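Enquirer: what's the 3D shape of this:
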Amino acid sequence: MSATVLEIKPVQAIPDFLIGEMRAKMAYVDEAVAGAQVALAGNLITLQLKRALGESEQALIEQKVQRVVVAMVKGAFKLKVQVLEDFLDRPVLSAVAEDPTNTLLARGELSREATGIYVLGPLLTRLVAFFEHQFVDLASSFQAEPYRFPTLIPARYLERVDYFSAFPHSLTFATHLRSDLDVIDHFASHAACDEHGLTTSMESFSGVETLLSPAVCYHLYFSLADRPLPSGQVVATAVGNCFRYESTNLTSLERMWNFTMREIIFVGPKDFVLANRETARQRMSEKFAGIGLAYRVESANDPFFIGEFKKQAAFQSAFQLKYEIRARLPFKDSTLAVGSYNYHQDFFGRKLNMTLPDGSPAHTGCVAFGLERMAYAFLSQFGLDPAAWPEQVRRAIA
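Expert: Numbers count the residues shown, from 1 in each chain. Take a look at the predicted model:
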């Protein structure tokens with residue numbers, strides 16, 4: 001018997017605090033999965049399938065689902081959320097009652113090239129430029145040195161900082177045709193695409209030496225590796241394209257495969273990094289107040305892979321390593337992470353042999369802002385008519 005919907009009773013009930021994370025992880029269970037829901041009671045997982053599957057295929061998917069359930073639920077405990085700022089109740093435009101995505105697409109302000117890949121039109125581009133200016137101004141207040149980083153990042157660098165074990169599901173690999181005349185000629189004559197992409201044999205491609213960069217700050221850390229910090233501390237800023245594949249979780253500007261981040265990065269002693277992270281938060285609080293953004297800053301964890309999730313999330317929570325800026329999305333009474341304040345302790349200092357003048361490992365931290373998400377959250381709160389926007393934003397883009 002075939003089916004396009006598969007209902008699975010988990011071998012262990014999923015606690016309420018894991019339901020969202022469990023739903024997100026279902027995207028990586030099998031290529032046949034198109035979507036997933038987890039019942040609020042935690043006793044049922046429903047998968048939407050891309051095609052009808054036979055009983056043996058369904059059984060295999062259920063086995064994978066149960067592996068995820070056991071890995072994430074066994075021994076899990078609810079992490080305490082610490083709230084540093086809460087301005088979710090700031091007044092926003094009451095008329096914003098729906099996701100702006102469809103209107104943006106209809107107006108040509110947004111164009112979808114592929115899953116998770118979008119072209120931004122003039123309105124969104126001006127909004128992104130406005131927020132970029134706010135973050136550059138923040139960087140200037142720290143006298144941060146400007147950097148430009150490549151989009152590609154060597155595989156050996158990511159291996160050195162354990163990225164392959166922590167986030168394997170989000171990696172995007174870069175390759176090229178092998179340097180072989182026959183391979184190149186055959187590709188030039190026969191290359192074609194179907195609904196799944198290029199039909200070319202994988203044997204035509206080189207081994208993977210580089211990936212598309214998942215974060216901006218990594219490039220700075222690698223540039224400082226294996227030597228003492230020049231003056232014992234570094235403050236830098238850069239903007240760059242980042243790539244994190246999220247399968248069926250890629251939806252509108254909320255979650256993109258290719259997005260842009262502006263970061264301000266601190267490297268030095270522990271107290272230096274933590275003090276600057278806190279100063280950055282306070283300065284951004286003033287900027288968000290001027291804009292009128294409704295948001296909250298709360299402790300969070302990164303989307304680690306299944307095997308690493310419990311351990312790494314608990315570690316981040318215990319040491320207050322990550323705080324997210326979560327902007328309100330009125331149309332669905334929810335929030336969206338638009339930025340974060342991060343402290344990595346001496347992890348990169350130890351892994352990359354970045355040392356302070358006394359020979360001890362350097363500590364690192366960064367504040368990071370997703371530019372497309374900032375623009376999307378703003379439009380969700382204030383609508384698409386610039387005449388109704390807060391005065392500061394209206395003046396800046398006029």
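Enquirer: Show me where the stretch 251-398 of the chain has its helices.
Expert: Under the criterion DSSP state H, counting those that start in this stretch, helices of the stretch 251-398 of the chain are mapped to 270-291, 306-318, 347-352, 371-382, 391-397.
Enquirer: elements contacting the last one?
Expert: The one in question is helix 391-397. Contacting helix 391-397 under the criterion 3 or more CB pairs under 8 Å, 6 or more residues apart in numbering; DSSP states H and E are the following elements: helix 122-141, helix 270-291. In short, each C-beta sits where N, CA and C put it, glycine included.
Enquirer: Any buried residues in it, and which?
Expert: Within helix 391-397, the residues scored as buried using 16 or more other CB atoms under 10 Å are 393, 396.
Enquirer: tell me the domain ranges of the chain?
Expert: Taking automatic domain parsing as the reference, the chain has its domains at 3-73, 83-169+214-397, 173-204.
Enquirer: Tell me which of those sits most buried.
Expert: Most buried of these by mean neighbour count (mean count of other CB atoms under 10 Å) is domain 83-169+214-397; its value is a mean of 18.
Enquirer: and the nearest residue to residue 273 once chain neighbours are set aside, how far is that from residue 132?
Expert: Nearest residue to residue 273, sequence neighbours excluded (CB to CB, 6 or more residues apart in numbering): residue 365, at 4.3 Å. Separation of residue 365 from residue 132 (CB to CB, to the nearest Å): 21 Å.
Enquirer: Also residue 348?
Expert: For residue 348, the distance to residue 132 - CB to CB - is 25 Å.
Enquirer: One more: residue 60?
Expert: 46 Å.
Enquirer: Could I get the contacting residues of the residue most central in space within the chain?
Expert: In the chain, the residue lying closest to the centroid (CA atoms, centre = their mean) is residue 244, at 6.3 Å. The contact partners of residue 244, by CB atoms under 8 Å, 6 or more residues apart in numbering, come to 167, 170, 172, 214, 257, 259.
Enquirer: List just the nearest of the residues you listed to residue 322.
Expert: When those are compared for distance to residue 322 (CB to CB), residue 167 wins out at 14.0 Å.
Enquirer: what's the closest non-adjacent residue to residue 121?
Expert: Closest residue to residue 121 in three dimensions, ignoring its sequence neighbours and counting by CB to CB, 6+ apart: residue 109, at 3.8 Å.
Enquirer: Dig out what residue 36 forms beta bridges with.
Expert: residue 47 (DSSP bridges).
Enquirer: where does it land on pLDDT?
Expert: With respect to pLDDT, residue 36 has a value of 95.
Enquirer: Who are the contact partners of it?
Expert: With CB under 8 Å, 6+ apart, residue 36 has these contacts: 23, 26-27, 45-48, 248.
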